[in-house]
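**Student:** what's the 3D shape of this:
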Amino acid sequence: MNFWRAILRVMMRRNMGQGNTDEIAANGGEQGAESRRGGNAFTAITSGDARRVEMVHGSVRAANISVFGFALRGIDAVPCEIEVDVSGQGLPRTTLTGLPDASVREAVERVQTAVAHTGFAWPGGRVAINLAPADLRKEGPAFDVPMALSVLIASGALKRKKGARGLALGDMNSGASKGASGDASQGISGFANTSAHASGFGRLLAAGELALDGRIRPIRGAICMAILAKELGFDAVLLPTENAAEASAVAGIRILAASSLAHAVAILSGAQDAPALQEKISVARDIPTIDFSRVRGQEAAKRALCVAAAGGHNVLLIGPAGSGKTLMARALPGILPPLDLASSMEVTRIHSCAGVLPPGEGLMRARPVRCPHHTASTAAMVGGGSHPRPGEVSLAHEGVLFLDEVAEFPRSVLEALREPLEDGFVTVSRARGTARFPARALLIAAMNPTARGDMGQGSRRAVEQYLSRLSGPVIDRIDLHVEVRAVSFAALSGTRAATSTAELLEKVLVARARAVNRQGETPNARLVGIALDRVAVLDDESRSIVQQAMTELGLSARAYDKIRRVARTIADLDGAELIRAQDIAEAVQYRILDRFRPNSEPLMAGMGI
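**Tutor:** Now for the predicted structure:
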């Protein structure tokens, strides 16, 4: 008890002494002024537009330093200021504040051990680390590196050497000294804080996970971090070597790639130059491309898939088992147009935030292909979790989402796809916040007509029951319903060459170029309102066909617009400027499930049942 009373008296005397201390500011160049009361002293040093305030306790110097990190909200990066106060007084203790999760709280042990293995001593006394803003949940190990750098700079272990090799960060973007978090030289806590800029390191945005031996492991969202740095005018971004390729896709920001904490210290101090970076382009790895020439006897289905690729339309393939549905769906990515730069950046951001971008890979140029199993949950399909992550439909953004055996998926999962298929994005709302993920994927679904997989005699009721697993609103959102018939022996054993991927791709590229010249980068499947009315003008004969289809088949207004969009794509494939009656007739033929709903006879007759 006496021991704790003695400690309390010492702490009270120290606090009273600090409370009676005055700060005297110095102006012009680097000048100091001291005012001593109660044995303590403050030293204020002013240098240009950056001020560093230090408190002297005898021979111990205390300083406040901050380096910037980032947190992810959806696929957007949010700046976080890592403030460190090294007082040099009291019992050795490191405290972490700022709403950290378990992985961030554990970072203190990782950072201390990594700093020790790098050859630096952890500051004695009290060390306070604050992650601002305090109302934003901090999660993940990406804060390890900025925390370590802040401590090293605050303790004086990391300094910019005079006459160091390379370009000093403080010399870069000297006019960009303000960001979303206010003046970087003052930080969030006012004049008592200073950023790394005051120590000669410029406005630095850093991230990385530390291993116990000081190695820096890759993180999620590196490209989002680089975009944030460019938007807020940071001088440079320091991140793991494995993430440098994707971050280098963002032009106009300097990327510093470090493999270890010692390497990062060497780069920032000027003892070593940052390695030169070269953008790497990744390739699609999910599904190997299959040539359409392997598919025999399904020329009508190939025509429908060509329409889907040219206009970006969703497709449902219906046919007996073994008719080639899965093979054609896997071959479809080979006839899709290449991604443009903006789409590549967005796709890379999604995959980086989800943590599925392989380390060391750069900008994704190939369209992603996702093939979730039919046991996937709703959260896995559309995204979710306590800390929202993108789902399969977002990971397939600007690519292909293939749902094989779609009727076997849980009803709740298919219904959750309504909004993404219609709006092109997913909004995940949780008590802690809301995240929005892009989800403009081309849906390819395949199913058998019955649970048995065949269409034998007497299976009328089985077909009706199995197709009823797809609700009307889901069917409405699929542009093309394509019947895939069983392949005959003559077609399989024939010597006639089947249509190849190269031939279909050529048609798709010509049709897509025609659409781009007419309406810009928006594909036909996404035309709405006035834009659709302008490019999908119907003559009297075409209007008569659509009117008859809507009356006899009970088509919805959504189906009416989809027929016009599909007809516009068919006209582009045939090189026609205007939509013709034959284009409308072909588009109506792709609505076989609409024909099934009011009256099953036409569908049964078409299937030979």
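
**Student:** so Pro411 touches Arg469, yeah?
**Tutor:** One thing to correct before we go on: residue 411 is Arg, not Pro. Yes: if you go by C-beta atoms under 8 Å, Arg411 and Arg469 touch, sitting 7.0 Å apart. Any C-beta I mention is one placed from the backbone N, CA and C, and that applies to glycine too.

**Student:** out of the two, which sits in the busier spot?
**Tutor:** Taking other C-beta atoms under 10 Å, Arg411 and Arg469 do not tie; Arg469 has more neighbours (16 against 12).

**Student:** the more buried one and Gly324, how far apart?
**Tutor:** The gap separating Arg469 from Gly324 is 22 Å, by C-beta to C-beta, to the nearest Å.

**Student:** could you do Val487 as well?
**Tutor:** Plainly put, Val487 is 7 Å away from Gly324 if you go by C-beta to C-beta.

**Student:** what do the two both touch?
**Tutor:** Taking C-beta atoms under 8 Å, 6 or more residues apart in numbering as the contact rule, Val487 and Gly324 both touch Gly297, Gln298.

**Student:** neighbour-wise, which of these two wins?
**Tutor:** Here Val487 and Gly324 are compared on neighbour count by other C-beta under 10 Å; more neighbours surround Gly324, at 22 against 17.

**Student:** what sits against the more buried one?
**Tutor:** Val295, Gly297, Gln298, Ala301, Val484, Val487.

**Student:** which residues of the stretch 351-500 of the chain fall in helices?
**Tutor:** 378-382, 392-395, 411-416, 418-423, 460-467, 472-476, 489-493 (DSSP state H, counting those that start in this stretch).

**Student:** need the winner for burial among those.
**Tutor:** Most buried of the helices of the stretch 351-500 of the chain, by mean neighbour count (mean count of other C-beta atoms under 10 Å): helix 392-395, with a mean of 26.

**Student:** what is that one packed up against?
**Tutor:** Packing contacts for helix 392-395, counted by 3 or more C-beta pairs under 8 Å, 6 or more residues apart in numbering; DSSP states H and E, involve helix 341-354, strand 369-370, helix 378-382.

**Student:** let's see 10 Å
**Tutor:** Counting by 3 or more C-beta pairs under 10 Å, 6 or more residues apart in numbering; DSSP states H and E, the packing neighbours recorded for helix 392-395 are helix 341-354, strand 369-370, helix 378-382, strand 400-404, helix 418-423, strand 425-430, strand 433-438.

**Student:** show me where the stretch 251-400 of the chain has its strands.
**Tutor:** For the stretch 251-400 of the chain, the strands defined by DSSP state E, counting those that start in this stretch cover 254-258, 281-282, 315-318, 363-364, 369-370, 400-404.

**Student:** tell me which of the ones you listed lies nearest to Glu242.
**Tutor:** Glu242 sits nearest to strand 254-258 of all the strands of the stretch 251-400 of the chain, at 8.6 Å, using C-beta to C-beta.

**Student:** who does the closest one pair up with?
**Tutor:** Strand pairing for strand 254-258, using DSSP bridges, gives strand 236-240 (parallel).

**Student:** for the strand it pairs with, what is the distance to the chain centroid?
**Tutor:** Distance of strand 236-240 from the chain centroid (C-alpha atoms, centre = their mean, to the nearest Å) equals 19 Å.

**Student:** measure the spatially closest residue to Ser488 that is not a sequence neighbour to Ser260 for me?
**Tutor:** Nearest residue to Ser488 in three dimensions, chain neighbours excluded: Gly297, at 6.4 Å (C-beta to C-beta, 6 or more residues apart in numbering). Using C-beta to C-beta, Gly297 is found at 59 Å from Ser260.

**Student:** coming back round to it: who wins for neighbours among the contacts of Gly324?
**Tutor:** For the contacts of Gly324, the largest neighbour count, defined by other C-beta under 10 Å, is 25 neighbours, found at Gln298.

**Student:** chain center to stretch 431-443: distance?
**Tutor:** How far stretch 431-443 lies from its chain's middle: 10 Å, per C-alpha atoms, centre = their mean.

**Student:** start and end of it, how far apart?
**Tutor:** One end of stretch 431-443 sits 31 Å from the other (C-alpha to C-alpha, to the nearest Å).

**Student:** ok, Val115 to Ala128 distance?
**Tutor:** Val115 is 16 Å from Ala128, where distance means C-beta to C-beta.

**Student:** more neighbours: these two, which one.
**Tutor:** The neighbour comparison of Val115 against Ala128 (other C-beta under 10 Å) goes to Val115, with 24 against 15.

**Student:** as JSON lines, the helices of the stretch 351-500 of the chain with mean pLDDT and distance to Asp213 would be great.
**Tutor:** Below are the helices of the stretch 351-500 of the chain laid out as JSON lines (pLDDT from 0 to 100; distance: least, C-beta to C-beta, whole Å):
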{"stretch": "helix 378-382", "mean pLDDT": "94", "distance to Asp213": "35"}
{"stretch": "helix 392-395", "mean pLDDT": "96", "distance to Asp213": "33"}
{"stretch": "helix 411-416", "mean pLDDT": "94", "distance to Asp213": "44"}
{"stretch": "helix 418-423", "mean pLDDT": "91", "distance to Asp213": "43"}
{"stretch": "helix 460-467", "mean pLDDT": "83", "distance to Asp213": "58"}
{"stretch": "helix 472-476", "mean pLDDT": "90", "distance to Asp213": "52"}
{"stretch": "helix 489-493", "mean pLDDT": "81", "distance to Asp213": "60"}
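
**Student:** for Leu538, which of these is the nearest?
**Tutor:** Ranking these by proximity to Leu538 (C-beta to C-beta) places helix 472-476 first, at 20.3 Å.

**Student:** run the chain-centre distance for that closest one.
**Tutor:** Relative to its parent chain, helix 472-476 has a centroid offset of 29 Å by C-alpha atoms, centre = their mean.

**Student:** so what secondary structure elements neighbour that helix?
**Tutor:** Helix 472-476 packs on helix 411-416, helix 418-423, helix 557-573, helix 592-596, going by 3+ C-beta pairs under 10 Å, 6+ apart.
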